[in-house]
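*Asks:* here is my input, please return the structure:
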Amino acid sequence: MEQIASAGKPVQITVIGGYELKGSKGDTPVTFIRAEFNQAVLGDSAKIIVSSEGTAKYNFTSSFEFNPEGGITLDDLAHKPVFLTMTEVLPKEKKQKDEKTLVLGQAVVDLLPLVEGESSFGTIVPLHPVPGSPLEPLQPGVKQCSLEVKVSVAEPLLTAAQISGGNLLKVTLEAAYSVPESFVPAGPVQNYMVGLQVPSTGEKDYPIFFKNGTLKLGGEREPTPRPKKWPIANILAPGANNIPDAFIVGGPYEEEDGELNHPEDREMRIQAECIKKRITWDLESRCYLDPPAVVSFQKRIADCRLWPVEITRVPLVTAPKGKAAKFDKVDDENALSFHGVAYVNMVPLLYPGVKRIRGAFHVYPYLDSTVYEKTKCSFSLFRDTGHNLLHNNKVGGINSPLSKPVVAKNLKEDKIVEKDIKGRPRSGDMPASSVKSQSSDTAVEILDATPNYNPEGQQYVEAGTYIVLEIQLNKALVPKRLPEELARRYRVKEMIPPRPPLTRRTGGAQKAVSDYHLQIKNISRAILDEYHSMFGKQVAKLEGDIDSETLEEQKCQLNYELNCSGKYFAFKEQLKHAVVKIVREKYLKTIPFENQEELQTFISELYVFLVDQMHVALNQTMPDDIQGAVPTIHKSSEQLRLFAFEAEVNENFEMAAVYYEERLVREPQNLEHWLDYGAFCLLTEDTIKAQECFRKALSLNQNHIHSLLLCGVLAVLMENYEQAEIFFEDATCLEPTSVVAWTLLGLYYEIQNNDIRMEMAFHEAFKQLQARVLQAQLMKQKSTGVVEHIEERVKAESSLGPWGVTSGSSTTASKAEPPPGSGAPFSVLDGFLEESSKLQSHSQERIFPGPSQDPAVNPNPSNLFSKEILKRGDHAEAKACYERTISFVVDASEMHFIFLRLGHIYLEEKEYEKAKKTYLQACKRSPSCLTWLGLGIACYRLEEISEAEDALSEANALNNNNAEVWAYLALVSLKAGRQLEAEQAYKYTMKLKLKDETLIAEIHMLQETVGFGNPSF
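*Replies:* Just a heads-up that it's a prediction; the model follows:
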């Protein structure tokens, strides 16, 4: 028959040399290296003499064949290392025929780089001494015995598609804590095992087993960091059990992803991990997932969410001496005891950018119906496949010819044989039908046939048993977009090729206007010189006393002279170039006009501009003729913000817009002004303008978190959902501790019905809020020295899950269905939009009240209560509440409006003295047109006319468009007997359309009394 060519690829392991080597006898021992992989000896090196410096050059190469179609697979390379055992050849003694050897140590070479796509790598691995070896154990500051190794293949073992689409799964089982009391070291020796399965090759499942757990009685906590160990038995050197550069580091309970990460679980976990019994493994198992397996893995997580991790114990039975080759026959079902299961929530692995989950998970009794209901898995990894595993799997590790079973020392002459699962089978060892999920009909038959009661497994619940597990991937299943990609900031810049910088222009619109001013000044001087040459003597005789007729005659003569002499046309030509530059540089007109109408419109606009600029130039030439400018009162940006907010409260949106726009004109580069104006536009339902404002603010500072969030909110309101996701994700990248950012991202995903990402965002928001509460408590503890009730408060707040339900009440988030139609997002985000204008100005405030904030000293509840009472029209009770609010030592958050409302109540009830005092306080704290108006009204009613006029004048200076201010100024002028001022104030009162008919009637009555003030009389 024709022989079929093998598809295998040789993997070469070359031991180049050794360093810091020692022997048991002599300074130059004779040693050789034995290479082993997958329970097979690859070869021995030549016997090399170690130099006196402790070095040896072996140059020993061994190899094995990688063949994924039936031999050594990628999964074998992932979780099985190459063992290099150094053996010393002892000198022969007299009459000694055979050579004697002594094992010195073992080194471990991790082949993981080959699974990650590399074709060769070199490393220096420590040589771990075996018990009784003369080699020095690993100690800090002491040079370690080591071997220099190189691993290579002719070409990478992974294709480009496997590298980009595949993944590497690492599962670390740390320990099971608080195990049942019936677990005791005495009695029959037990093998404690944990197992789970993952997709490995396409749709085929791969079982992962952790065996030989160590039962400990407790009394101290497991140290951290501690090394992770290979899931392989019979390793000669104790140090070789440790995986290089892999450690269990632990961490705060609150940062875990499991079930026991709440503050109320802290005390229980401390006791369980320090005092109670536990079973430790500290094993890491690896599994390569090819691209179809990655897709299957991701799909199963999305479908099932919970992953079953089984735990059991199997007794070890002994075979008498001399009969080691025969196994005792024991009933498989009776051997499987304390069968439990933990439900691991794998959904966080579908969060963007998440590659690792670690946490503690409760162990429950294994009940087929419960397991099927939660995980859709209808078979048991131990019970339903244990028989196959028993017969198909032997010792799960490297069997060195000099190794002995670990437990044999305690049982002396007996040899230990496992009754059930030993080691980790290859995917080919188990039929695919035994590990795949069965059909629904078969699942129902199995559930009906198995008892739904597990008394031994129930002991896990009674003891509070939980396992600590870590699942890690090399690459996230759902990649997270980078901030640069989210903001799309650098793509355009990267596409533009580099070019030399352009020469800076010296022209421009400002330069064109300046040149025009210069020509006007030159021409005006020339005309003045011409005037003096013609009429200088006449003017000197009249000594400047010239009547209008003479002046008009001189003007006519001057025009005639300029036209006749040609100077007029010379002046026009002199000015022509400057005008052309203005047309080109300022108005950007460089092509002919399309029609005559457009030309006439532009000429009219240009004429107005040129005349205005001519006056500017002439005024600069003759400064004595400039009239004094009207003094203006400068209003600060904070005052304008207050005036705008006052106008908002009074629903005078037109005036509020004027104030907001004035702030923007003064400081166009201040992003807070743009955010305030955008929030105002949202209030007036002008979403287009609000979006422009928020994006302008973002353009001023692309890292401003509040601008990003507000842009995202506007994108949701305008149904630009892709942009909204980019804004919200960019915000969480820039400030990962922002509770608001994560909450808005969760609300966005809720609108999109993306439950998994919604859960991720709300969970992160809740975690950050919880961390902020703890930090606030610790700060208070440091400042006051009070230590009590800190954890109690955290327990109370964390008992509510991130969706507002009790943590233990339900594992799913309760969702409110948004109303149908495009307005659905509005109801979700209304609360945030209402306070969006305050978001940036109060960014340093705490978003939650302090734990010691006593309601008895907090004025804000009283203020809110007063608002509600005032809306009902109960002025007496509202007045009492406002008086109580301003009597607090601590100011309320809206003291300005509290004074305005209380003062208004006093005026209505004619308590003018109290109104005056209240408005005086308001004017002192935050003066505005309304505070000065209130003070002026109170003073006028108290017949304090002079103070009333001062206060009303100040109110008028701050806002001269308030009709009520002009009305009271008219009354004050009538009282003072100033007719012109009274008529002027009355004219503006009527022009601004005062709506208070009572006040108008009062003015008319006083006008009739004094006999003036109304020009229409």
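*Asks:* who's in contact with residue 915?
*Replies:* 903, 906, 907, 934, 937, 938 (Cβ atoms under 8 Å, 6 or more residues apart in numbering). Any C-beta I mention is one placed from the backbone N, CA and C, and that applies to glycine too.
*Asks:* could I get those as TSV with distance to residue 531, pLDDT and secondary structure?
*Replies:* What follows is the contacts of residue 915, written out as TSV (distance: Cβ to Cβ, whole Å; pLDDT from 0 to 100; DSSP: H, G, I helix; E, B strand; the rest coil):
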residue	distance to residue 531	pLDDT	secondary structure
903	64	87	helix
906	68	88	helix
907	64	90	helix
934	59	92	helix
937	59	93	helix
938	61	93	helix
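*Asks:* quick check: the farthest pair among these?
*Replies:* Spanning the widest gap among these are 906 and 937, at 10.3 Å by Cβ to Cβ.
*Asks:* who's more crowded, these two?
*Replies:* residue 937 (27 against 22; other Cβ atoms under 10 Å).
*Asks:* closest to residue 546 among the contacts of residue 915?
*Replies:* residue 937 (54.2 Å).
*Asks:* where exactly do the helices run in the stretch 201-350 of the chain?
*Replies:* Secondary structure of the stretch 201-350 of the chain by DSSP state H, counting those that start in this stretch: the helices cover 266-274, 291-304, 332-335.
*Asks:* now the ones you listed as a markdown table including mean neighbour count?
*Replies:* Formatted as a markdown table, those follow (neighbours: other Cβ atoms under 10 Å):
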| stretch | mean neighbour count |
| --- | --- |
| helix 266-274 | 16 |
| helix 291-304 | 17 |
| helix 332-335 | 13 |
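*Asks:* among those, which comes closest to residue 714?
*Replies:* Per Cβ to Cβ, nearest to residue 714 of the helices of the stretch 201-350 of the chain: helix 291-304, 31.3 Å.
*Asks:* and the closest one, what does it pack against?
*Replies:* Applying 3 or more Cβ pairs under 8 Å, 6 or more residues apart in numbering; DSSP states H and E, we find helix 291-304 packed against helix 160-165, strand 167-177, strand 190-201.
*Asks:* mean pLDDT and mean neighbour count added to those, as JSON lines?
*Replies:* As requested, the helices and strands packed on helix 291-304 are arranged in JSON lines below (pLDDT from 0 to 100; neighbours: other Cβ atoms under 10 Å):
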{"stretch": "helix 160-165", "mean pLDDT": "87", "mean neighbour count": "13"}
{"stretch": "strand 167-177", "mean pLDDT": "93", "mean neighbour count": "23"}
{"stretch": "strand 190-201", "mean pLDDT": "85", "mean neighbour count": "22"}
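*Asks:* rebuild these as CSV, extending it with distance to residue 715.
*Replies:* Shown next, in CSV, are the helices and strands packed on helix 291-304 (distance: least, Cβ to Cβ, whole Å):
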stretch, distance to residue 715
helix 160-165, 32
strand 167-177, 33
strand 190-201, 38
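*Asks:* so which of the ones you listed is nearest residue 84?
*Replies:* strand 167-177 (23.4 Å).
*Asks:* only C-alpha atoms, please: export the closest one in PDB.
*Replies:* Provided in PDB are the C-alpha atoms of strand 167-177 (Å, rounded to 0.1, in the frame of the first residue of the first chain):
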ATOM      1  CA  ASN A 167      -8.000  32.600  21.600                       C
ATOM      2  CA  LEU A 168      -6.300  31.100  24.700                       C
ATOM      3  CA  LEU A 169      -8.400  30.300  27.700                       C
ATOM      4  CA  LYS A 170      -6.800  30.000  31.100                       C
ATOM      5  CA  VAL A 171      -8.800  28.600  34.100                       C
ATOM      6  CA  THR A 172      -7.300  28.900  37.600                       C
ATOM      7  CA  LEU A 173      -8.900  27.000  40.400                       C
ATOM      8  CA  GLU A 174      -7.700  28.500  43.700                       C
ATOM      9  CA  ALA A 175      -9.600  26.800  46.600                       C
ATOM     10  CA  ALA A 176     -13.000  25.700  48.000                       C
ATOM     11  CA  TYR A 177     -13.600  27.400  51.400                       C
END
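*Asks:* quick one: it to helix 291-304, angle?
*Replies:* Here strand 167-177 points in a direction 50 degrees away from that of helix 291-304 (axes from the mean of the first three to the mean of the last three Cα atoms, to 10 degrees).
*Asks:* which helix is the longest one in this structure?
*Replies:* The residue-count maximum for a helix in the chain (DSSP state H) belongs to helix 509-542.
*Asks:* any chance you could list what contacts the very next helix or strand once past that helix?
*Replies:* Once helix 509-542 ends, the next helix or strand along the chain (criterion: DSSP states H and E) is helix 548-565. For helix 548-565, contacts defined as Cβ under 8 Å, 6+ apart pick out 527, 530, 531, 534, 535, 538, 542, 546, 567, 568, 571.
*Asks:* among these, the buried ones, what's the ChimeraX command?
*Replies:* Buried residues within those, by 16 or more other Cβ atoms under 10 Å, are selected in ChimeraX with:
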select :531,535,567,571
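*Asks:* and which of the contacts of helix 548-565 is nearest residue 131?
*Replies:* residue 571 (112.0 Å).
*Asks:* ok, the closest one to residue 526 distance?
*Replies:* 7 Å (Cβ to Cβ, to the nearest Å).
*Asks:* and if you look at residue 533?
*Replies:* 11 Å.
*Asks:* ok, these two, which is more surrounded?
*Replies:* residue 526 (15 against 10).
*Asks:* wait, doesn't that one sit right on residue 568?
*Replies:* No. With contact defined as Cβ atoms under 8 Å, residue 526 does not count as touching residue 568 (10.9 Å).
*Asks:* how close does residue 735 get to residue 705?
*Replies:* For residue 735, the distance to residue 705 - Cβ to Cβ - is 5 Å.
*Asks:* for residue 588, that is, sorry about that
*Replies:* Relative to residue 705, and taking Cβ to Cβ, residue 588 is found at 38 Å.
*Asks:* ok, residue 992 next?
*Replies:* For residue 992, the distance to residue 705 - Cβ to Cβ - is 43 Å.
*Asks:* and the two? Which one has more around it.
*Replies:* residue 705 (19 against 16).
*Asks:* what about residue 228, how many residues nearby?
*Replies:* Neighbours of residue 228 (other Cβ under 10 Å): 24.
*Asks:* could you dump the helices of the stretch 201-350 of the chain to a markdown table with mean pLDDT?
*Replies:* Listed next are those as a markdown table, based on pLDDT from 0 to 100:
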| stretch | mean pLDDT |
| --- | --- |
| helix 266-274 | 90 |
| helix 291-304 | 88 |
| helix 332-335 | 52 |
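*Asks:* to residue 208, which of these lies closest?
*Replies:* helix 291-304 (12.9 Å).
*Asks:* strand 190-201 and the closest one, what's the angle between them?
*Replies:* Going by the same axes, to 10 degrees, helix 291-304 makes 110 degrees with strand 190-201.
*Asks:* buried residues in whichever helix or strand residue 600 is part of?
*Replies:* Under the criterion of DSSP H and E, residue 600 resides in helix 596-621. Of the residues in helix 596-621, 606, 610, 613, 614, 617 count as buried by neighbour count, 16+ other Cβ under 10 Å.
*Asks:* same thing with stretch 716-728?
*Replies:* 716, 717, 718, 720, 724, 725, 726, 727, 728.
*Asks:* what is the mean pLDDT for that stretch?
*Replies:* Here stretch 716-728 scores 89 as its mean pLDDT.
*Asks:* sorry, back to before: and the longest helix of the chain with helix 596-621, angle?
*Replies:* Computed by the same axes, to 10 degrees, the angle between helix 509-542 and helix 596-621 is 60 degrees.
*Asks:* buried stuff in helix 509-542?
*Replies:* 512, 513, 515, 516, 517, 519, 520, 523, 524, 531, 535, 539.
*Asks:* stretch 175-195 spans what distance, first to last residue?
*Replies:* End-to-end distance of stretch 175-195: 13 Å, with Cα to Cα, to the nearest Å as the criterion.
*Asks:* when you give positions from now on, start the count at 326
*Replies:* Okay, using 326 as the starting number, the last item reads as stretch 500-520.
*Asks:* which strands and helices sit next to whichever strand in the chain runs longest?
*Replies:* For the chain, the strand with the greatest residue count under DSSP state E is strand 631-644. Under the contact definition 3+ Cβ pairs under 8 Å, 6+ apart, strand 631-644 sits against strand 515-526, strand 662-670, helix 693-700, strand 740-743, strand 791-798.
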